[in-house]
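A.B. asks: sequence first, predicted coordinates after that:
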Amino acid sequence: MAAFDADAYVAAEFAEHAAVQRATPDVVRAPLLRLVEACAMSITAGGKILLFGNGGSAGDAQHLATELTVRYQRDRDPIAAIALTTDTSALTAIGNDMGLEQLFARQVRALGRKGDVAIGITTSGRSTNVLAGLAAARELGMVAAAFGGGAGGDLPGLADPLILVPSTTTARIQEMHITIGQILCGALERRLGLV
């Protein structure tokens with residue numbers, strides 16, 4: 001077995017990250033601006049933002065919901081946001097009784113209202129429970145938005161605005177998702193005149 005060259009590995013990871021970071025702004029700017037506006041319109045009308053995803057994307061959903069409900073950079077009024085990945089009783093009951101594919105759709109139907117914004121986060125664009133959650137959001141008249149990567153898997157035609165990171169590497173997509181999500185939080189605070 002060849003010896004592992006840690007230095008070369010680290011350098012290659014940073015180089016790939018930098019390349020994706022350079023390519024992302026031009027690709028995501030237009031849909032991100034539309035998402036900021038959709039979220040602002042929803043919050044101004046008394047609506048809320050529902051975020052959901054699996055694994056690392058579940059962590060991103062929770063992170064971003066917290067930035068919105070608590071604060072991003074400075075103290076300000078809260079922004080209504082809920083991560084659908086935190087209620088262990090609901091998650092286990094839905095998974096057990098209805099199947100994991102209904103994990104988010106059931107919660108969207110219970111908590112979402114017309115005019116709310118649903119943001120599904122999936123690096124592959126093929127997570128069946130995220131897709132079902134977005135489909136439920138559309139049925140309710142919510143904005144069904146998503147963060148994805150590459151060609152988007154099954155998200156094109158379902159999610160709009162659709163923010164696709166120009167990469168097929170899961171780690172690079174996740175790195176950009178949290179960056180884009182934090183930009184969304186900061187822009188939304190300013191768009192709503194809260195800071």
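C.D. replies: Yep, it's here.
A.B. asks: what's the closest non-adjacent residue to the one residue sitting closest to the centre of the chain?
C.D. replies: Nearest to the mean C-alpha position of the chain, by C-alpha atoms, centre = their mean, lies I121 at 3.8 Å. Excluding the flanking residues, the one nearest I121 by C-beta to C-beta, 6 or more residues apart in numbering is G53, at 3.4 Å. Using the backbone N, CA and C atoms, a C-beta is placed for each residue, glycine as well.
A.B. asks: give me phi/psi at that neighbour?
C.D. replies: Dihedral angles of G53 (phi, psi; degrees, to the nearest 10) stand at phi -180, psi 180.
A.B. asks: that one: neighbouring residues, count only.
C.D. replies: For G53, the tally of surrounding residues (other C-beta atoms under 10 Å) stands at 28.
A.B. asks: also R34?
C.D. replies: Neighbour count for R34, taken as other C-beta under 10 Å: 16.
A.B. asks: which of the residues in the longest helix anywhere in the chain are buried?
C.D. replies: Longest helix of the chain, by residue count under DSSP state H: helix 6-44. By 16 or more other C-beta atoms under 10 Å, the buried positions in helix 6-44 come out as 17, 20, 24, 28, 31-32, 34-36, 38-40, 42-43.
A.B. asks: the protein: helices as residue ranges?
C.D. replies: Secondary structure of the chain (DSSP H): helices at 6-44, 56-69, 88-97, 103-111, 128-139, 170-191.
A.B. asks: so for I163, which of those helices sits nearest?
C.D. replies: Across these, I163 has its closest neighbour in helix 6-44 (4.9 Å, C-beta to C-beta).
A.B. asks: could you check the angle helix 170-191 makes with the closest one?
C.D. replies: 30 degrees (axes from the mean of the first three to the mean of the last three C-alpha atoms, to 10 degrees).
A.B. asks: if you count contacts, what does helix 6-44 end up packed against?
C.D. replies: strand 49-53, strand 117-121, strand 143-149, strand 162-165, helix 170-191 (3 or more C-beta pairs under 8 Å, 6 or more residues apart in numbering; DSSP states H and E).
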